[in-house]
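Engineer: Provided below are the primary sequence and the corresponding predicted coordinates.
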Amino acid sequence: MPYTVDFQNVSTVGLESSPLADALAGLRANEARYYKNKYDHVFTVRPASEAPETLEWVNRVLAERNIVFSARPLEVASFEVDGYRMAYVFYESGLSVNVMYGIEDGAKRAVGFKLAEGMEVPDELAASFKFARQKSKLAGVIRGSYFVIKGEY
């Protein structure tokens, strides 16, 4: 069942099994606020089990760098905004992965990783990525990294 993320009243709905549920909910709310403020888009997620095609697409893109996460995916989001196909996966470990895929040839295409406050860098990313810090009123300290997508998906 879809859940519209409320960044005014942050909730752990759908994320309760995560040991970092509160921090992950803040991270999810931070993303919702960004899309509402920048694009007037309402950020909606659904259980990963209800949208296997989104999870599969993100996994195909991650395979470009041989990245396979051991953490359990809890929720996904998929939408188009301002010429980009966007997909998110929120993992039980506190990790958020987003794919920004420009629809037009030559448009920006990248994968972003964000770690909820309190999460250690996952083994799958530790050797290849450096993480920058960002402060958020909703999510505390977020650490993030990214890579540019080279393939066509």
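Structural biologist: The structure has been received and is ready for your questions.
Engineer: Give me the spatial nearest neighbour of residue 13, chain neighbours excluded.
Structural biologist: residue 3 (5.7 Å; C-beta to C-beta, 6 or more residues apart in numbering). Every C-beta, even on glycine, is put in place using the N, C-alpha and C of the backbone.
Engineer: Now do the helix or strand encompassing residue 87, average pLDDT.
Structural biologist: With elements taken from DSSP states H and E, the one containing residue 87 is strand 84-91. For strand 84-91, the mean per-residue pLDDT is 98.
Engineer: can you pull out the strands in this structure?
Structural biologist: Per DSSP state E, the chain carries strands over the ranges 3-4, 44-47, 73-81, 84-91, 95-102, 109-115, 132-136, 140-148.
Engineer: Alpha carbons only: can I get the strand holding residue 87 in CSV?
Structural biologist: Extracted C-alpha coordinates of strand 84-91, given in CSV (Å, rounded to 0.1, in the frame of the first residue of the first chain):
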residue,chain,number,x,y,z
TYR,A,84,14.4,12.6,-14.9
ARG,A,85,13.3,9.1,-14.0
MET,A,86,13.9,8.8,-10.2
ALA,A,87,14.0,5.6,-8.1
TYR,A,88,14.7,5.2,-4.4
VAL,A,89,15.3,2.2,-2.3
PHE,A,90,15.3,2.5,1.5
TYR,A,91,17.1,-0.5,3.2
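Engineer: Adjacent strands (with direction) for it?
Structural biologist: Note on strand 84-91: by DSSP bridges, its sheet partners are strand 73-81 (antiparallel), strand 95-102 (antiparallel).
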